[in-house]
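Undergrad: Here is my input; please provide its structure:
(one chain, ligands or ions: 2)
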Amino acid sequence: MDKVASALTIAGTDPSGGAGIQADLKVFQEQQVYGMSVITSVVAQNTLGVQDVQHLSIDFIEKQLDAVLTDIQPQAIKTGMIATVDMMKLIANKLTNSDIPYVIDPVMVAKSGDSLMDETSRQVIRNTLIPLATVVTPNIPEAEILVGFEIHHNQDAEKAAKVIVDDLGAKAAVVKGGHLEGEAVDVLYDGVDLHYLKVDRFDTKHTHGTGCTFSAAITAELAKGKSVKDAVVIGKDFITDAIQYPLELGNGHGPTNHWGYRLKGLPGQREANK
Ligand SMILES: Nc1ncnc2c1ncn2[C@@H]1O[C@H](COP(=O)(O)OP(=O)(O)OP(=O)(O)O)[C@@H](O)[C@H]1O
Ligand SMILES: Cc1ncc(CO)c(N)n1
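TA: Ligands and ions are numbered 1, 2, ... in the order given. Next comes the predicted model:
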């Protein structure tokens, strides 16, 4: 039997369990991928918002990275909340020349509107980390900052996905339409083709950690050796089910249901199971 697939998330924490490292590890587990984590920032947050943040020192983040990477080799890596330029430089340094698939969720602002990345870093991520990415998964406001123009409809999202790949150097980009009106359409550009991932929008306030959950599911599938397109399609199924079956927790934007797909069948096999 093949050795089990493992994945590493490098991100901030969410003690309320719906986003960040906690969400990523839950998703890896659900996808039967062995999950590992390096914490960049400890965040006091819940479904209502972010109360406070403490960044770990660069030295200590490096120790965590070395502890994992010198022992258990992940088959895919994801970064989420990387709040400072120094953190970005450290991670870029560790991942340059690596051929491990690397998913960047360029987390800048939480659903509550609280900032998770400083202003300078929002500009610097473009040149440090994005060129190393196998897939980048910005939401609309994040994509606007990366590409420098406004996104109002799907054609703008297509253009943004192409700029992220053709000009900024990522291998693929998924510009997520969660913040646009109408259907929840995400645009995937893999350097060759544009693909559209469409689902009907659920009328729900339980969307805390949707981006983390989606990108973690993509990472897990890449760790299993799936192509970018297949990993994104399965990730979209996973997040759709997680939003469709909310847990009704918390007093604000509640978490998604990380085992929602079990209520429908395995991710990627929903059609086959019908
Ligand atoms: N109400 C909804 N119904 C269906 N799909 C949704 C809904 N909201 C978001 N999505 C989907 O969830 C995924 C995550 O998108 P979104 O734009 O919400 O990420 P995000 O803003 O990065 O999330 P967060 O910052 O809270 O982690 C996308 O595939 C998007 O289309
Ligand atoms: C740590 C962390 N990463 C990402 C998000 C975005 O949902 C969040 N709220 N918290």
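Undergrad: List the contacts of the lengthiest helix in the chain.
TA: Taking residue count as the measure and DSSP state H as the definition, the longest helix of the chain comes out as helix 228-244. For helix 228-244, the external contacting residues (Cβ atoms under 8 Å, 6 or more residues apart in numbering) are 27, 30-31, 134-135, 171-172, 174, 184, 186, 188, 190, 195, 197, 199, 202, 204, 206-207, 210, 213-215, 217-219, 221-222, 226, 256-258, 260-261, 263-264, 267-268, 270. The C-beta positions use only the backbone N, C-alpha and C, and glycine is treated the same way.
Undergrad: Next step: these restricted to helices.
TA: Checking these against DSSP H, those in helices are Val27, Glu30, Thr210, Thr213, Phe214, Ser215, Ala217, Ile218, Thr219, Glu221, Leu222, Arg270.
Undergrad: Hmm, the first one is touching Thr213, no?
TA: This means Val27. Yes: when contacts are counted by Cβ atoms under 8 Å, Val27 is listed as touching Thr213 (5.7 Å).
Undergrad: can you list the residues of the chain near ligand 2?
TA: The interface of the chain toward ligand 2, taken as Cβ under 6 Å from any ligand atom, is made up of 11-14, 19-20, 43, 45, 80-81, 107, 110-111, 116, 209, 211-212.
Undergrad: related to what we said a few turns ago, ok and the longest helix of the chain relative to helix 210-223, angle-wise?
TA: 140 degrees (axes from the mean of the first three to the mean of the last three Cα atoms, to 10 degrees).
Undergrad: Run the chain-centre distance for helix 228-244.
TA: For helix 228-244, the separation from the chain centroid amounts to 12 Å (computed by Cα atoms, centre = their mean, to the nearest Å).
Undergrad: Quick one: mean pLDDT over that helix.
TA: Looking at helix 228-244 alone, the average pLDDT works out to 96.
Undergrad: Pull out the buried residues from it.
TA: Residues 228, 231-244 are the ones in helix 228-244 that count as buried (16 or more other Cβ atoms under 10 Å).
Undergrad: near ligand 1, which residues of this protein show up?
TA: Proximity of the chain to ligand 1, by Cβ under 6 Å from any ligand atom, involves residues 19, 111, 139, 176-179, 184, 186, 199, 201-202, 204, 207-212, 214, 236, 239-240, 243.
Undergrad: The residue nearest the centre of the chain and Met108: what is the separation?
TA: In the chain, the C-alpha closest to the average C-alpha coordinate belongs to Ser215, at a distance of 3.0 Å (Cα atoms, centre = their mean). Using Cβ to Cβ, to the nearest Å, one gets 14 Å for the distance from Ser215 to Met108.
Undergrad: now Lys171
TA: 21 Å.
Undergrad: How about Val50?
TA: Noted for Val50: a distance of 12 Å to Met108, by Cβ to Cβ.
Undergrad: Now do the shared contacts for these two.
TA: Counting by Cβ under 8 Å, 6+ apart, the residues touching both Val50 and Met108 are Leu116.
Undergrad: More neighbours: these two, which one.
TA: Residue environment comparison for Val50 versus Met108 gives the larger neighbour count to Met108, 21 against 18, counting by other Cβ atoms under 10 Å.
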